[in-house]
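S.K.: no sequence for this one, just the structure:
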């Protein structure tokens, strides 16, 4: 059975991106092999991805989950039907307005691997519906002061159990189980 995870790199003040959606703060930081190993371990376990479709329902280079490095099924939330898109050995399936269906499809595709939820809105919706098993957060040592938040607007309390923490040159890595 698949494990559904929120996997995100965030700033210390909890932002996924700056107010315009930029993520340049993620790059050019000092790194240690241990940081890379944490991320590689997570990526090796991912069997499917759920995210949001762009407005034009196309797949642009800058929007590929994990930079296109993962060749796993991707399920994209949308408000109108669209045929699946095949690109670089990855199938992008569009799911209309039913996040639970998208997670169920991704879970079936992932088998005993992980389903990675990408984006604040997707993550919050799944947390509210009780669909998330774990949070995997890579926290960068930067404060943006404002931006696109991972958890703002969640609107409910969710208890977590710490499973793992580590810190190296560029990030602090946090892994929590969602308690039900």
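M.R.: Arrived safely, thanks for sending. All values reported here derive from a predicted model rather than from experimental measurement.
S.K.: what's the separation between residue 172 and residue 9?
M.R.: Using CB to CB, to the nearest Å, we find residue 172 at a distance of 11 Å from residue 9. In this view, the C-beta of every residue, glycine as well, is placed from N, C-alpha and C.
S.K.: common neighbours of the two, please.
M.R.: A shared contact of residue 172 and residue 9, defined by CB atoms under 8 Å, 6 or more residues apart in numbering, is any residue touching both; here these are 138-139.
S.K.: assess the claim that residue 1 and residue 112 are in contact.
M.R.: Yes. Using CB atoms under 8 Å, residue 1 and residue 112 qualify as a contacting pair, with a distance of 6.5 Å.
S.K.: assumed residue 124 was part of a helix.
M.R.: Yes. Note on residue 124: a helix contains this position according to DSSP: H, G, I helix; E, B strand; the rest coil.
S.K.: burial count for the closest residue to it other than its chain neighbours?
M.R.: Setting aside the residues directly before and after it, residue 124 is nearest to residue 154 in space (CB to CB, 6 or more residues apart in numbering), at 5.1 Å. Burial of residue 154 is recorded as 15 neighbouring residues (other CB atoms under 10 Å).
S.K.: and residue 154, what does it touch?
M.R.: 124, 127-128.
S.K.: phi, psi of the spatially closest residue to residue 105 that is not a sequence neighbour?
M.R.: In space, not counting the residues next to it along the chain, residue 105 is nearest to residue 75; the distance is 5.6 Å by CB to CB, 6+ apart. The main-chain torsion angles of residue 75 are listed as degrees, to the nearest 10 and equal phi -110, psi 120.
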